[in-house]
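[1] Next input, structure requested:
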Amino acid sequence: MPLGYDPNASKQAVNLLVNSDLLVRAAVIDLNLSVVLENAIAEAVARSHEGEQGLEENRDATLDESVDQIDPNVLTAAIGVFGNATLAKKWLITPARALGNKRPSEADAEEVMDLIGRIENGFGA
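    Numbering: from 1, shown residues only. Next up is the predicted model:
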């Protein structure tokens, strides 16, 4: 597992509350609590980071699936207005008041193109 943190960073003292029975058992086997805690924290941080990456990948896949049926001209126009595909796709799956609270991905392509034109010219509402 890649480290994902600076192992040479300075050490910092902290106060902890730990189960007393575990402390006794750790002392019996001469366990270095600092090393064990540092390793556990590093592993938890790495798992959290992996989880966030997985969520982001799932979110992107969901966006892609949600806009698969979109008219390519609408998608291209939305990307032109919002600057990138991710922002355009998010907009396309978000209900729009100007479309009667329909998602642009579910609305009539002409209506959506009209709305994109109004947004582009500063008249989004």
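[2] quick one: the helices in the protein?
    Here the chain has its helices, by DSSP state H, at 20-28, 33-66, 72-82, 85-92, 109-120.
[3] Deepest-packed of these, please.
    Ranked by mean neighbour count, the helices of the chain are led by helix 85-92 with a mean of 18 (mean count of other Cβ atoms under 10 Å). Quick note: C-beta positions are derived from backbone N, CA and C, even for glycine.
[4] what's that helix packed up against?
    In terms of contacts (3 or more Cβ pairs under 8 Å, 6 or more residues apart in numbering; DSSP states H and E), helix 85-92 is packed against helix 33-66, helix 72-82.
[5] where among those is the average confidence lowest?
    Mean pLDDT per stretch puts helix 33-66 lowest among the helices and strands packed on helix 85-92, at a mean of 70.
[6] picking that back up, of the helices of the chain, which approaches N8 most closely?
    Ranking those by proximity to N8 (Cβ to Cβ) places helix 33-66 first, at 12.5 Å.
[7] still on that earlier bit, determine which of the helices of the chain approaches D6 most closely.
    Taking Cβ to Cβ, helix 33-66 is the member of these nearest to D6, at 10.9 Å.
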